[in-house]
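Novice: Give me the fold of what follows.
(one chain, ligands or ions: 2)
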Amino acid sequence: MIRTNFLVIGSGVAGLTFAVKIAQKLSDKTVTIVTKADEDESNTKYAQGGVAVVLDLEEDSFQKHIRDTLVAGDGLCDEEVVEMVVKKGPKRLKELMLWGANFDIDASGKLDLGREGGHSVHRVVHHKDITGYEVERALLQSLNRLPNVTLLSYHFAVDLITEHHLEVPKSRQVSCYGAYVLNQRTGDIITIKADSTLLATGGIGHVYGRTTNPVIATGDGIAMAYRAKAEIRDMEFVQFHPTALFTAKEGPLFLISEAVRGFGAILRTKNGHRFMPDYDERAELASRDIVSQSIDNELKRSGDTSVFLDCTHLDMDEFKRHFPTIYKECLANHIAIETDWIPVVPASHYLCGGVVVDKHGRTSITNLFACGECSRTGLHGANRLASNSLLEALVYANNSFKYHLAHPVDPIDVSIPPWDDEGTHIPKEYILIRHNLTKLQALMRDYVGIVRSSDRLAKAVLHLDLIYKEVEELYKSSKITTTLCELRNMINVAHLIIGQSMERKENRGGYYNLDNTIAL
Ligand code: FAD
Ligand code: SIN
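Specialist: Numbers count the residues shown, from 1 in each chain. Ligands and ions are numbered 1, 2, ... in the order given. Model prediction:
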């Protein structure tokens with residue numbers, strides 16, 4: 001049993017920002033971070049484009065950033081939240097820089113601003129094309145200096161501890177008392193008892209086989225919160241990034257940042273036709289729901305495996321300076337972008353929905369907070385504006401931090417039973433896990449992709465039910481392993497995506513159902 005004041009689940013931008021702030025300010029309190037892989041492995045680490053912040057007050061304004069966010073969100077953003085996040089952005093960026101994060105500077109000595117789809121001006125602060133790597137580095141470095149923080153890597157949160165696990169009278173309002181956590185190195189399940197728990201577990205990309213997310217993105221936090229009966233919303237709004245590097249392999253795909261289109265790259269079909277102006281007057285810089293749906297349409301029409309990003313007309317020296325990682329990765333895949341077009345496909349990238357939180361990051365469960373991609377704040381509506389998610393995580397980590405200062409949580413005083421795995425055994429056949437994962441990813445790709453239909457969604461329910469039953473049976477009789485828990489979580493997440501898709505009767509932003517009334 002570990003006893004801590006603050007339990008943070010996840011070590012991406014959301015979890016680390018909160019942990020640094022709370023540990024710095026409340027030096028007499030303990031902060032425990034659990035994370036299921038290496039300490040820096042996260043969606044954050046792979047963020048390329050940057051952080052959207054209003055800095056250039058000659059060209060830009062809060063109003064413009066607010067408007068761009070609302071337009072991208074297609075009428076479903078919470079306007080108060082949008083205004084709050086946009087206006088708090090510059091201060092949070094400054095704080096990140098004080099913690100040591102470096103961003104590119106232009107010739108005049110000001111922060112260099114990139115541009116991405118849906119943004120009406122240049123406003124994306126970046127560190128070459130590895131912004132997330134730099135953010136993660138600076139946050140981990142700041143954390144290392146803090147004696148009251150313990151970071152446990154290769155520790156997988158299995159379930160949140162709520163009244164359900166305790167011998168106390170059940171009340172209608174559920175509270176969280178920490179989490180059961182698997183030490184992935186020893187196989188032991190430890191109980192972490194916490195006064196306050198923050199879910200910062202990131203995205204769900206791996207539910208779809210073809211994704212820009214690393215394999216850790218299996219929606220664990222959302223699934224845990226769902227099982228604990230927290231409110232979950234907007235799961236139908238899975239954002240597909242238009243331009244992942246096409247390769248025949250399954251699993252995570254390398255991202256070609258939207259900033260490359262902001263830099264002037266053009267999307268073409270195999271025959272060379274520049275198709276984006278046929279769909280939207282903003283062409284390649286339309287918001288990413290529109291670009292992804294347009295590519296999907298082109299691919300379905302032509303039967304081709306990819307469309308192409310043409311960079312051959314761009315200033316190559318400048319390109320290499322801005323996007324050295326992308327340039328190198330293309331070369332490693334035998335694509336010389338001076339002469340070759342880059343084959344690209346849409347891939348699952350970001351979840352706009354998640355665990356519902358208020359402006360302090362509070363979920364519907366007492367003493368359970370959520371931040372970052374696993375949360376649903378109302379900022380993104382039906383489609384996130386590019387580079388608004390690092391911003392959202394920075395702002396909400398700060399909001400939750402401030403809330404905790406103003407409302408100190410009482411130390412919890414309940415006795416928590418250890419994890420009960422009596423009667424379970426080590427699974428003899430891991431093939432069941434692999435097989436069901438492959439089936440789940442195929443199901444999500446084929447029936448719950450960029451363009452959905454009511455018939456395909458109904459079929460998805462039937463297929464998912466079979467997978468669910470087989471995996472649940474295995475889970476109940478097995479000693480816990482990370483892959484089994486992740487699969488179980490992804491099934492919960494798929495269930496939520498399919499169910500909430502079926503409830504949405506009009507097409508908005510990233511949600512498009514052929515049987516709904518409002519057309520593309
Ligand atoms: P993450 O950074 O994903 O961190 C989640 C953490 O939780 C990880 O440490 C993970 O190991 C841990 N975890 C998960 N489950 C468990 C568990 N059960 N137990 C213990 N630990 C667990 N956004 C932008 O704003 N700008 C960009 O330029 C940008 N580019 C992107 C490029 C790529 C390729 C990708 C994939 C995303 C990009 N995004 C970008 C989105 C953005 O990176 C993410 O939304 C954001 O980083 C999420 O941060 P987070 O802290 O919420 O989650
Ligand atoms: C990108 O660089 O294209 C990704 C930006 C984002 O997801 O916000």
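Novice: which residues sit in contact with the residue nearest to the spatial centre of the chain?
Specialist: Compute the mean C-alpha point of the chain, and by CA atoms, centre = their mean the closest residue is residue 203, 3.3 Å away. Residues near residue 203 by CB atoms under 8 Å, 6 or more residues apart in numbering: 43, 213, 217, 219, 350, 351, 373, 374. Where you see a C-beta, it was placed from the backbone N, CA and C, and this is true even at glycine.
Novice: Look at the third one and say how many residues are nearby.
Specialist: For residue 217, the neighbour count with other CB atoms under 10 Å is 29.
Novice: what pLDDT does it get?
Specialist: Model confidence at residue 217, given as pLDDT, is 98.
Novice: any idea how far residue 118 is from the residue in the chain that ligand 2 sits nearest to?
Specialist: Using CB to the nearest ligand atom, the closest approach of the chain to ligand 2 is made by residue 49 at 2.8 Å. Plainly put, residue 49 is 12 Å away from residue 118 if you go by CB to CB, to the nearest Å.
Novice: Quickly list what's touching both of those two.
Specialist: In contact with both residue 49 and residue 118: residue 386, using CB under 8 Å, 6+ apart.
Novice: All the helices of this protein, in order from the start?
Specialist: Along the chain, counting by DSSP state H, helices occupy 13-25, 62-72, 79-98, 131-144, 220-227, 258-262, 288-302, 316-322, 324-332, 388-406, 431-447, 454-477, 482-503.
Novice: So for the fourth one, what gets flagged as buried?
Specialist: By neighbour count, with 16 or more other CB atoms under 10 Å as the criterion, the buried positions of helix 131-144 are 131, 132, 133, 134, 135, 136, 137, 138, 139, 142, 143.
Novice: In CSV: those, plus distance to ligand 2.
Specialist: Shown next, in CSV, are the buried residues of helix 131-144 (distance: CB to the nearest ligand atom, whole Å):
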residue, distance to ligand 2
131, 8
132, 9
133, 12
134, 14
135, 13
136, 15
137, 18
138, 19
139, 18
142, 23
143, 24
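Novice: JSON lines for these, including pLDDT and distance to residue 312?
Specialist: Shown next, in JSON lines, are the buried residues of helix 131-144 (pLDDT from 0 to 100; distance: CB to CB, whole Å):
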{"residue": "131", "pLDDT": "98", "distance to residue 312": "26"}
{"residue": "132", "pLDDT": "98", "distance to residue 312": "28"}
{"residue": "133", "pLDDT": "98", "distance to residue 312": "28"}
{"residue": "134", "pLDDT": "98", "distance to residue 312": "29"}
{"residue": "135", "pLDDT": "98", "distance to residue 312": "32"}
{"residue": "136", "pLDDT": "98", "distance to residue 312": "33"}
{"residue": "137", "pLDDT": "98", "distance to residue 312": "33"}
{"residue": "138", "pLDDT": "98", "distance to residue 312": "35"}
{"residue": "139", "pLDDT": "98", "distance to residue 312": "38"}
{"residue": "142", "pLDDT": "97", "distance to residue 312": "42"}
{"residue": "143", "pLDDT": "96", "distance to residue 312": "43"}
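Novice: Roughly how far does the residue of the chain closest to ligand 2 sit from residue 115?
Specialist: Applying CB to CB, the value for residue 49 to residue 115 is 9 Å.
Novice: Please apply the same query to residue 134.
Specialist: In this view, residue 134 and residue 115 are 19 Å apart by CB to CB.
Novice: Residue 439 - how many residues pack around it?
Specialist: Number of residues near residue 439 (other CB under 10 Å) recorded here: 15.
Novice: Without its sequence neighbours, what residue ends up closest to it?
Specialist: residue 467 (5.7 Å; CB to CB, 6 or more residues apart in numbering).
Novice: Buried among the contacts of residue 203? Need that as a selection in ChimeraX.
Specialist: Restricted to buried positions by 16+ other CB under 10 Å, the ChimeraX selection for the contacts of residue 203 reads:
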select :43,213,217,219,350,351,373,374
